[in-house]
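>>> Fold the following and give me the result.
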Amino acid sequence: MIKIRKAEERGHFNFGWLDTNHTFSFGEYYDPRFMGFRDLRVINEDRVAPGRGFPTHPHRNMEIISYVLEGGLEHRDSMGTGSVIRPGEVQRMSAGTGVTHSEYNHSRSEPVHFLQIWITPNQMGIRPGYEQKMFGDEEKRGKLRLIASPDGDQGSVTIHQDVKVYATRLEAGEEVVHEIRPGRHAWVQIARGAAEVNGQLLGQSDGAAVSEEQRLTVAGREQAEVLVFDLA
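Numbering: from 1, shown residues only. Predicted coordinates for the structure are as follows:
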């Protein structure tokens, strides 16, 4: 069973400095039909104007992943971390008992485009933590590259939940296959381009909830960048 979440149906706000789309309920956007999927709570697609961003604010008890598509995202937090996240890099911040942080567009001339992903942790009150790793295009081209997992397998960032996150880059006609174990589910997010998911066409920024399927086949209809979440 596949349920498609079309890009144009998401919650959308344009604050001038921030153009944001919410796949699931978040902030001022609330829809009881879309409160998350399994342990996947948030997928926000954000475009931030040059030199602007999110001032210091707090989080608790959430696994937060940033996946940059274009530009550079400047991060600072109360753990003492300061970095710039660029395309191909994945940032994981475990908010745990509490952390404050800011996220700004590193450029004064170009926008930054990124996905912010929240996953509900399997344990409350953990010690806050941070990771940032690069996964180059060649690692994802024509195959599913594990980028986040509960045990840091294959050099992925470590998240505190029974969730695995994969990224792939596909040319038109290329496909990848992911076996879904009994009792597990998947979410597919088209970051760029267009792809077929088990024969159903998804365009840029579309998502799909996948349940009661044994296999997930993602086939590029044009150049595409796709995230796959394997969820309990």
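
>>> Residues contacting stretch 19-29, please?
With Cβ atoms under 8 Å, 6 or more residues apart in numbering as the test, stretch 19-29 has contacts from 5, 7, 10-14, 31-32, 34-37, 40-47, 189, 205, 207. Bear in mind the C-beta positions are built from the backbone N, C-alpha and C, glycine included.

>>> Could you turn the buried ones of those into a PyMOL selection?
Buried residues within these, by 16 or more other Cβ atoms under 10 Å, are selected in PyMOL with:
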select buried, resi 5+7+10+11+34+36+37+40+41+42+43+44+45+46+47+189+205+207
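
>>> among the contacts of stretch 19-29, which are in strands?
Within the contacts of stretch 19-29, residues falling in strands by DSSP state E are 5, 11-14, 40-47, 189, 207.

>>> Which pair of these spans the longest distance?
The largest separation in these, counting by Cβ to Cβ, is between N14 and L40 at 24.6 Å.

>>> how near is G96 to H59?
9 Å (Cβ to Cβ, to the nearest Å).

>>> for L227, same thing?
Per Cβ to Cβ, L227 is found 21 Å from H59.

>>> M134 versus G155, what's the distance?
10 Å.

>>> and G96 and H59? which has more neighbours close in?
G96 (20 against 17; other Cβ atoms under 10 Å).

>>> so that one touches Y130, yeah?
No - taking Cβ atoms under 8 Å as the definition, G96 is not a contact partner of Y130, at 10.8 Å.

>>> correct me, but S211 touches P182?
No - S211 lies out of contact with P182 (Cβ under 8 Å); the separation is 11.6 Å.

>>> Those two - which one has more neighbours?
Neighbour count, other Cβ under 10 Å: between S211 and P182, S211 has more, with 16 against 6.

>>> per-residue confidence for the more buried one?
On pLDDT, S211 comes in at 97.

>>> Start the count at 329 instead of 1 going forward.
Got it, first residue is 329 now, which makes that one S539.

>>> hang on, the earlier thing: wait, which of the ones in strands among the contacts of stretch 347-357 is closest to E503?
Q517 (16.9 Å).

>>> Can you name the residues that contact that closest one?
Contacts of Q517 (Cβ under 8 Å, 6+ apart): T351, I371, L443, S533, D534, G535, V554, L555, V556, F557.

>>> Identify the bridge partners of it.
Using DSSP bridges, the beta-bridge partners of Q517 come out as G535, L555.

>>> and if you look at N433?
Per DSSP bridges, the residues bridged to N433 are L401.

>>> so who does it touch?
By Cβ under 8 Å, 6+ apart, the contact list for N433 reads V376, A377, P378, G379, R380, G381, G399, G400, L401, E402, P439, V440.

>>> repeat that with 10 Å
345-346, 374-382, 399-402, 439-442 (Cβ atoms under 10 Å, 6 or more residues apart in numbering).

>>> With R509 instead?
For R509, counting by Cβ under 10 Å, 6+ apart, the contacting residues are Q542, D558, A560.

>>> Between those, identify the one with the most neighbours.
Going by other Cβ under 10 Å, D558 tops these with 23 neighbours.

>>> Tell me the pLDDT of it.
Here, the pLDDT recorded for D558 equals 98.

>>> give me phi/psi at G464?
phi -70, psi 160 (degrees, to the nearest 10).
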